[in-house]
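1. Predicted structure and sequence below. I'll ask about it afterward.
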Amino acid sequence: MPTTTPALPRNLMPLRRATQADSLPSAAYDIARAGLPVFPCVPTAKQPLTQRGFRDATTDLDQVASWWERRPDANIGLPTGATSGFDVVDVDLKGEDASGFPSWELARRAGLVPGWSMVVRTPSGGIHAYFEHAAGVEQRSWTSPHAHVDFRGDGGYVVVPPSWCVTEFGPRRYEVITVAHHPTSPVDAVALRAFLDPPRQAPAFPAAATPGAGASPERLAAFVAQLPEGGRNAGLHWAACRMVEGGFDLDSTLGALGDAAQHAGLGVPEIDRTIRSAFRTTAPLPDAGGGGRRPDPTPEVTQ
């Protein structure tokens, strides 16, 4: 029975051929000539050289030639998403403790990444898995630090072969390692992110009246968890001050009040700033022993 070649994204093979060019200027020119917009990046690195970054990407051959005439060693940036027709799943590898490959394998077994079109090995040893972009579907870029997997779609970009970077092991190139011999399809970035970073179950906090003298961290957390909008920052700061007075350290205070503050609707950076502020403005009471001391009068909380 004759075999059939899977339908590949229209721009994949021109991109594949262009990345085999023997120089960065030639590759950039060939990619642009194939209809894919490019822009220059810092030599041996990934930061854009142009003022607007990937938003300056173009297929104008004169502009592309001019960029690489001025910086023939510039790496090649390719916008992802609708601009180029490609979405990319970036699997990081930064040592044994920061590898995205276990998460990638779990996603593969779950059937979430079967339709890749091309895989590129990155200088760090990770991979870029290219997927065709679904026409008319916006999929924004995102990062999953816990899984060590990033998604580059609308609003993102990748560096493409034959670009190269300096790593701890020396200079390494971006290299195409395989092109699909299976049917290709877009990746569902929303489903992939939900799989890699499932929503945290909100902790249950009991109903709590205003903490009284010598309130425990648990009672302070219950108080913070039920703070209404308009009074969340003040209430969190007040509760954190009480823990400072009680002799608790920063990590203990963040641990006790952090989840409660998120439950109330505060973001992690805001929680961190507010609690650290309490440590700058409050000191432990003379006989504090980490068990909680008498709080100041309760702050006014706007309902």
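-> Ah, there it is.
2. any idea how far A189 is from P114?
-> Distance of A189 to P114, given as Cβ to Cβ, to the nearest Å: 14 Å. Just so you know, the C-beta spots here come from the backbone N, C-alpha and C atoms, and that holds for glycine as well.
3. what about the two, which has more around it?
-> A189 (23 against 13; other Cβ atoms under 10 Å).
4. Quick check: closest non-adjacent residue to D73.
-> Sequence neighbours aside, P43 is the residue nearest to D73 in space, at 4.1 Å (criterion: Cβ to Cβ, 6 or more residues apart in numbering).
5. Now that the one you found has come up, it's in contact with R70, right?
-> No - between P43 and R70 there is no contact under Cβ atoms under 8 Å: 11.7 Å.
6. And the two? Which one has more around it.
-> Counted by other Cβ under 10 Å, P43 and R70 do not tie: P43 has more neighbours, with 16 against 10.
7. Quick one: residues contacting the more buried one.
-> By Cβ atoms under 8 Å, 6 or more residues apart in numbering, the residues touching P43 are R71, D73, A74, N75.
8. And for I76?
-> I76 touches L24, A27, A28, I31, V38, P40, C41, V159, V160, S163, counting by Cβ under 8 Å, 6+ apart.
9. Make TSV from the residues you listed and add neighbour count to it.
-> Output for the contacts of I76, formatted as TSV (neighbours: other Cβ atoms under 10 Å):
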residue	neighbour count
L24	21
A27	23
A28	29
I31	26
V38	30
P40	24
C41	25
V159	22
V160	27
S163	26
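10. Which ones among the residues you listed lie within strands?
-> Applying DSSP state E to these, the entries found in strands are P40, C41, V159, V160.
11. gap between the closest residue to the second one other than its chain neighbours and P162?
-> Nearest residue to C41, sequence neighbours excluded (Cβ to Cβ, 6+ apart): N75, at 4.0 Å. Distance from N75 to P162, counting by Cβ to Cβ: 9 Å.
12. The two - which one has more neighbours?
-> Remark: of N75 and P162, N75 carries more neighbours, 26 against 20, as counted by other Cβ under 10 Å.
13. For the closest residue to V179 other than its chain neighbours, name its beta-bridge partners.
-> The shortest distance from V179 to any non-neighbouring residue, by Cβ to Cβ, 6+ apart, is to M118 (5.1 Å). For M118, the beta-bridge partners are Y130, V179 (DSSP bridges).
14. who's in contact with M118?
-> By Cβ under 8 Å, 6+ apart, the contact list for M118 reads L12, L15, R16, A129, Y130, V176, T178, V179, A180.
15. So which bits of the helix or strand hosting D259 are buried?
-> Per DSSP states H and E, D259 falls inside helix 250-264. Under the neighbour-count criterion of 16 or more other Cβ atoms under 10 Å, helix 250-264 has T253, L254, A256, L257, G258, D259, A260, A261, Q262, H263, A264 buried.
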